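coords please:
(chains A, B, C, D, E, F, G and H)
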Number of protein chains: 8
Amino acid sequence: MQAITIYLAGEIHSDWRSELERAVEGRGITARFVGPQTVHDRSDSVGEDILGEQPGPRYRDLMGAGINTLRTRILMRRADLAVAYFGEKYKQWNTAADAGAAVASGIPLLMVRDPGLTHALKEIDSMASATVETLEQAAEVIAYIFE
Amino acid sequence: MQAITIYLAGEIHSDWRSELERAVEGRGITARFVGPQTVHDRSDSVGEDILGEQPGPRYRDLMGAGINTLRTRILMRRADLAVAYFGEKYKQWNTAADAGAAVASGIPLLMVRDPGLTHALKEIDSMASATVETLEQAAEVIAYIFE
Amino acid sequence: MQAITIYLAGEIHSDWRSELERAVEGRGITARFVGPQTVHDRSDSVGEDILGEQPGPRYRDLMGAGINTLRTRILMRRADLAVAYFGEKYKQWNTAADAGAAVASGIPLLMVRDPGLTHALKEIDSMASATVETLEQAAEVIAYIFE
Amino acid sequence: MQAITIYLAGEIHSDWRSELERAVEGRGITARFVGPQTVHDRSDSVGEDILGEQPGPRYRDLMGAGINTLRTRILMRRADLAVAYFGEKYKQWNTAADAGAAVASGIPLLMVRDPGLTHALKEIDSMASATVETLEQAAEVIAYIFE
Amino acid sequence: MQAITIYLAGEIHSDWRSELERAVEGRGITARFVGPQTVHDRSDSVGEDILGEQPGPRYRDLMGAGINTLRTRILMRRADLAVAYFGEKYKQWNTAADAGAAVASGIPLLMVRDPGLTHALKEIDSMASATVETLEQAAEVIAYIFE
Amino acid sequence: MQAITIYLAGEIHSDWRSELERAVEGRGITARFVGPQTVHDRSDSVGEDILGEQPGPRYRDLMGAGINTLRTRILMRRADLAVAYFGEKYKQWNTAADAGAAVASGIPLLMVRDPGLTHALKEIDSMASATVETLEQAAEVIAYIFE
Amino acid sequence: MQAITIYLAGEIHSDWRSELERAVEGRGITARFVGPQTVHDRSDSVGEDILGEQPGPRYRDLMGAGINTLRTRILMRRADLAVAYFGEKYKQWNTAADAGAAVASGIPLLMVRDPGLTHALKEIDSMASATVETLEQAAEVIAYIFE
Amino acid sequence: MQAITIYLAGEIHSDWRSELERAVEGRGITARFVGPQTVHDRSDSVGEDILGEQPGPRYRDLMGAGINTLRTRILMRRADLAVAYFGEKYKQWNTAADAGAAVASGIPLLMVRDPGLTHALKEIDSMASATVETLEQAAEVIAYIFE
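Residues are numbered from 1 along each chain as shown, chains lettered A, B, ... in the order given. Model prediction:
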């Protein structure tokens, strides 16, 4: 079966990616999942981990963000599909930015969002090719690509 | 003086766009400002205003969002610069999606964000060419393009 | 007011374009409308009109189609918006091909279609940014871009 | 032998794809064939299959179409060649839209159409690199790529 | 009337460009015609005219060609249409290279060629949107864009 | 060793491609060579071979050219490098068109031309990244990519 | 006469831009000249001028560079031609980076460099469409575009 | 593990590439490293090595540079990441040009530069996704892509 590279945009506080990956693989689909660093503390500290202490939080954040952006843009560039996952918690501005970037780059977008967020996400819903409500449904849609 | 088309991404609850436009024009810059519909109720109702009543909020939102997305993508396509404005209130997922889309489309991004949002916006800060803290500073940066 | 170039894809048997143009201009919008040759007989004969008689209908069609395609692709290339109009009559394969081409080229698509065609046009509806049912609604959407 | 990815655009009521695939493979060509969902009922129902019942046919169609479009655009994106197959039956607007999209995306197009459709398809014929009349001829053209 | 920028690719020994320009303008079309340097001796000498004597014909040619290519690519980049004119005399490799470049850049191509060159130019004919035999016919096609 | 896909543009009357392929492979480079149909009679007849007799040479040529163009554009699209080979004989307009198309598509061009053609090919020389005089030198340049 | 937008890449310590602008305008060419901030101190201080004092030179530089990059990329994006000027003094890494960026973006490049820098600039020379030695020669080349 | 293609831009006088490659591979990352010819004398002589003696240093340089550019552009085109390494010695204009080209082509850039060059490289720092100070740090960032 043909492999597909899927970029997973979403918060890095919960384990939603593992849930989706299991559901997709459980359907016999060979997929390569890529996305941002999911260990939250590491994502925040990588700038200082590599470059050393910075003179304050703004610069600490900036150095780390550059490294995180390097990672995500390298990985997103080769994706066949982007999945954007939105939940009720967390700002999720990176998720939204990644979603907009994917669509603008010609990468089809599948949005997963809790129905309670319908109104807030109506525009991104419109940009996406399809929107579902659960990770299980997302896995069904992904499997459908090859059905 | 050469005109510039500036796409203004941001929440549509406050009047920040007028503030920025006045500051830019006050510096003698000729700019065409474009962006989403800023009358919030109209932005929400335009789908039903034009297409008639829909069978529920999800569909009401979807019909309107399609029309709003048609507008924003037509206008963003010709922009020379995108300004993304973030404040402490509102979800601002559209702002983030527009920011990501602009950068992915090769349109340089200028982010305006309150310092309190430094950490949450570190990745978008990294994608942007420049980040400032106030609309006044944004107007200074825009004027600098032609200095 | 800023002008907009609108490519009008649709059958060339009825006068729907004039109807839309009047409705748009009636709302105070400055638009340049472009599209295929609308005089049906001329569209069919232009190949032989210019190149002389061809050895049969297939070649007569091919020579004319090349000239018509030259025209439509030159005009579509500079469009800000594509409108695809579908009615109950005619094959409208050119309309659908133009619609697919516009979306693939990054030109936002507004589809106008009779509700009776909902099922047949569901995929193009999905590719479009927005879908309306009448030319009057289409004019409202176009005016909304500048509201 | 080098593999080629071929996107097959066309109606999903008959088994024409299998016929073409057999003819191509019979010539010793290694090809990966992709395209829309070919089980017609599943193509229509997938929206409700995954997302649950919708409030009417328009919304039922829209939810399914989004998922179908996600599939086709992911698959078309990596294609080396698009084949558009037209017959006398069915609206085939998706076929035409896919054909226009492929050409606009720089994917060469091979059209297969019954001679009786010469006049109706003259413009798409003009956009295509080549046009043939039968699936057997299409397989010959595909094999010729590697001859 | 809307202006159109037309890149004229072809030999620089005869005055065919003036002929086409007169025919186009005679039809009331406002066009900006661009193309390579048409004064043949100047085209050959411009390298040494500007940079001084070079150590032999190969280098004399190379210095001039760089300047000529700078010119043609700047001008072709903004063209709406490319016309490639082929006659019985001259190598016309630049004409063919410009024709291939235009098509690859998404600029529609109109080829003008004497019928005696049908066989030699069959592939470029295939890449072009349309092919005619005389400059008069070319002017008719160009006028048809706006009819 | 990494493979490279090389598109070979040039006349199809002599066996220059085999000479280059041997020279490249003799240097231990793994390359996939693609290009137009090299059996001249087949290149001319393929249209009628597949589609049946046409009403005259112009149409015979056109039908075959479409199939040949489908082949070359599919193959060129994935090339890492284009080699354009020019000799003293034959019109070689396809060679020049392929050269211009490759450069315009961002595919680096290596030109091989007899020194006697220096003046006629000065512009294409300027568009190419490098120009050599023999196939042996071309093979050296190709091997140099991996040195 | 048609205007041209020219991006001037080069050091900001001398007044070479004024010299070139006068030479170009003296030849009757209407050009819009754009480029980086030429007041060196302002280029270095703009970050702190707008954003306030930063915690050290690295961050002072970074904040200013973001604003300078915003400016240059907005202006370069609409250029028809890039001129890269190299002299014996200064690091000129920005000049080289702008030159590489212009070529990669499809903007033709004209390099101006002192003959003493021939060896060091041989690769950028190769990427440029043309290379000259003085600003006077550059103005001649620019005028030649419209000759 | 997924392989990554990394283009290494930088001077060809020291052995920094080997140092980076060892550091990256030591972290278990499978990478394909590409870049310019690193044997300095060969890089300078390749033009005359292949094409024979040229009439002077400018032409010797030009012939070689064309071959070197052919190599680097073929290799950079398929890169996932570009690393630009700057040190205190050497002009490094090729490094800067490659850095600008990579960013303009959508290839994420990681810059490695000695802190003493902070001021001179502030603009390229701004264009890069991330900047580090040592090759060891660069290897850490590269490994982080897959963490």
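
and A:Ala143, that one's in a strand?
No. According to DSSP: H, G, I helix; E, B strand; the rest coil, the state of A:Ala143 is helix, so it is not within a strand.

Once you drop chain neighbours, what's closest to it?
A:Arg27 (4.1 Å; CB to CB, 6 or more residues apart in numbering or on different chains). C-beta coordinates here come from the backbone N, C-alpha and C atoms, glycine included.

From B:Thr118, how far out is that neighbour?
From A:Arg27 across to B:Thr118, the span is 41 Å (CB to CB, to the nearest Å).

in chain A, what residue is nearest chain F?
A:Arg78 (15.6 Å; CB to the nearest CB).

That residue is in contact with H:Asp80, isn't it?
Yes. A:Arg78 is in contact with H:Asp80 according to CB atoms under 8 Å; the separation is 7.2 Å.

neighbour count winner among these two?
H:Asp80 (20 against 14; other CB atoms under 10 Å in any protein chain shown).

if I read this right, the more buried one contacts A:Arg77, doesn't it?
Yes. Judged on CB under 8 Å, H:Asp80 makes contact with A:Arg77 at a distance of 7.0 Å.

Output the helix ranked longest in chain A as PDB - backbone C-alpha positions only.
In chain A, with assignment by DSSP state H, the single longest helix is helix A:57-77. Extracted in PDB, the C-alpha atoms of helix A:57-77 (Å, rounded to 0.1, in the frame of the first residue of the first chain):
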ATOM      1  CA  PRO A  57      11.900  35.200  28.400                       C
ATOM      2  CA  ARG A  58      11.300  37.000  25.100                       C
ATOM      3  CA  TYR A  59      14.700  36.000  23.800                       C
ATOM      4  CA  ARG A  60      14.500  32.500  25.300                       C
ATOM      5  CA  ASP A  61      11.200  32.000  23.500                       C
ATOM      6  CA  LEU A  62      12.500  33.500  20.200                       C
ATOM      7  CA  MET A  63      15.600  31.300  20.000                       C
ATOM      8  CA  GLY A  64      13.600  28.200  20.700                       C
ATOM      9  CA  ALA A  65      10.800  29.200  18.400                       C
ATOM     10  CA  GLY A  66      13.300  29.500  15.500                       C
ATOM     11  CA  ILE A  67      14.400  25.900  16.000                       C
ATOM     12  CA  ASN A  68      10.900  24.700  16.300                       C
ATOM     13  CA  THR A  69       9.800  26.500  13.200                       C
ATOM     14  CA  LEU A  70      12.800  25.100  11.300                       C
ATOM     15  CA  ARG A  71      11.600  21.700  12.300                       C
ATOM     16  CA  THR A  72       7.900  22.100  11.400                       C
ATOM     17  CA  ARG A  73       8.500  23.800   8.100                       C
ATOM     18  CA  ILE A  74      11.000  21.100   7.000                       C
ATOM     19  CA  LEU A  75       8.400  18.400   7.900                       C
ATOM     20  CA  MET A  76       5.300  20.200   6.600                       C
ATOM     21  CA  ARG A  77       7.000  20.800   3.200                       C
END
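
which residues does A:Arg73 contact?
Residues in contact with A:Arg73 (CB atoms under 8 Å, 6 or more residues apart in numbering or on different chains) are H:Pro108, H:Ser129.

just A:Ser129 next, same as before
With the criterion set at CB under 8 Å, 6+ apart, A:Ser129 makes contact with A:Pro108, A:Leu109, A:Leu110, C:Ser126, D:Gly66, D:Ile67, D:Thr69, D:Leu70, D:Arg73.

and if you look at A:Arg113?
Contacts of A:Arg113 by CB under 8 Å, 6+ apart are A:Tyr85, A:Phe86, A:Gly87, A:Leu121, A:Asp125, A:Thr131, A:Glu133.

Could you do A:Val24 as well?
A:Ile6, A:Ala31, A:Ala139, A:Ile142, A:Ala143.

try it again with 6 Å
A:Ala31, A:Ala139, A:Ile142 (CB atoms under 6 Å, 6 or more residues apart in numbering or on different chains).

how about the residues of chain A near chain B?
A:58, A:61, A:65-66, A:69, A:91, A:93-94, A:96-97, A:99-101, A:104-105, A:118-120, A:122-124, A:126 (CB under 6 Å from any CB of the partner chain).

ok so, going back, going by contacts, tell me the helices and strands next to the helix or strand that comes right after the longest helix of chain A.
Sequence-wise, the next helix or strand downstream of helix A:57-77 (DSSP states H and E) is strand A:81-86. Judged by 3 or more CB pairs under 6 Å, 6 or more residues apart in numbering or on different chains; DSSP states H and E, the packing partners of strand A:81-86 are strand A:4-10, helix A:93-104, strand A:109-113.

Among those, show me which one is buried the most.
Counting by mean count of other CB atoms under 10 Å in any protein chain shown, helix A:93-104 has the highest mean neighbour count of the helices and strands packed on strand A:81-86, with a mean of 28.

tell me the angle that helix makes with strand A:4-10.
On the basis of axes from the mean of the first three to the mean of the last three CA atoms, to 10 degrees, helix A:93-104 is oriented at 140 degrees to strand A:4-10.

got the angle for helix A:93-104 vs strand A:81-86?
150 degrees.

Spell out which helix or strand contains A:Asp44, please.
A:Asp44 belongs to helix A:40-51, assigned by DSSP H and E.

how close does A:Val112 sit to D:Gly47?
Separation of A:Val112 from D:Gly47 (CB to CB): 15 Å.

ok, back up a step: need the contact list for the closest residue to the residue of chain A closest to chain F other than its chain neighbours.
Of all residues not flanking A:Arg78 in the chain, A:Thr5 sits nearest, at 5.6 Å (CB to CB, 6+ apart). Contacts for A:Thr5 (CB under 6 Å, 6+ apart) come out as A:Arg32, A:Arg78, A:Ala79, A:Asp80.

Per-residue pLDDT of A:Arg58, please?
With respect to pLDDT, A:Arg58 has a value of 89.

For it, the count of nearby residues, please.
A:Arg58 has 18 nearby residues by other CB under 10 Å.

how far away is it from C:Glu136?
A:Arg58 sits 52 Å away from C:Glu136, going by CB to CB.

just for chain A, where's the confidence low?
For chain A, the stretches flagged by pLDDT under 70 are A:1-2.

Please name the spatially closest residue to the residue lying farthest from the centre of it (chain neighbours excluded).
The centre of chain A is farthest from one residue, A:Pro55, which by CA atoms, centre = their mean lies 30.2 Å away. Using CB to CB, 6+ apart and skipping residues adjacent in sequence, the residue nearest A:Pro55 is G:Pro55, 3.8 Å away.
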